[in-house]
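[1] how would this look folded up:
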Amino acid sequence: MTEEDRAVFTGIVEAQQAGQPCALATVIATQGSTPRKNGAKMLVRPEGLVGTVGGGCGEAQVIEAAQEVMASGLPRIVQVDLTDDPLAWTGSVCGGLLRVFVEPVLPPRQ
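    Next up is the predicted model:
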């Protein structure tokens, strides 16, 4: 287990103890050149992030989905397209695709 994974799991425990909802994003598939590979994790908590699934605009897309997942309690898969035109303003040009599973980690029911 990497230090980053350990920090993500510690963040989950802390969120559970604080009664806070959070969302766990895990890269489940990649195609082409991507900044992170299968198994990379990021925890989205109300006060911030732990870990990363790649950074930039693609990660912003995953964070937005995580906010929705925390609110709805329903998991989803996000496809992040990093094949933008090299002249595009987004700067998301790695050349690949990421599929990220975003799941809610809700506080225990009392």
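[2] may I have the strands that pair with the helix-or-strand element of the chain with minimal mean pLDDT, each with its orientation?
    The helix or strand of the chain with the lowest confidence, counting by mean pLDDT, DSSP states H and E, is strand 93-105 at a mean of 89. Here strand 93-105 has these sheet partners by DSSP bridges: strand 22-31 (antiparallel), strand 76-83 (antiparallel).
[3] just give me how far that strand sits from the chain centre.
    Distance of strand 93-105 from its chain centroid, counting by Cα atoms, centre = their mean, to the nearest Å, is 7 Å.
[4] most packed of the strands paired with strand 93-105?
    strand 22-31 (a mean of 20; mean count of other Cβ atoms under 10 Å). Placement of C-beta: from N, CA and C, glycine included.
[5] got the contact list for that one?
    When contacts are defined by Cβ atoms under 8 Å, 6 or more residues apart in numbering, strand 22-31 is touched by residues 8, 11-12, 15, 34, 36-46, 53-54, 62, 65-67, 69-70, 77-78, 96-105.
[6] buried among these? Make that a PyMOL selection.
    Only the buried members of the contacts of strand 22-31 enter the following PyMOL selection, criterion being 16 or more other Cβ atoms under 10 Å:
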select buried, resi 8+11+12+15+34+36+40+41+42+43+44+45+53+54+62+65+66+69+70+78+96+97+98+100+102+103+104+105
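[7] with adjacent residues omitted, what lies nearest to S72?
    Excluding its sequence neighbours, the residue lying closest to S72 (Cβ to Cβ, 6 or more residues apart in numbering) is P104, at 7.7 Å.
[8] for the one you found, give its distance to G55.
    23 Å (Cβ to Cβ, to the nearest Å).
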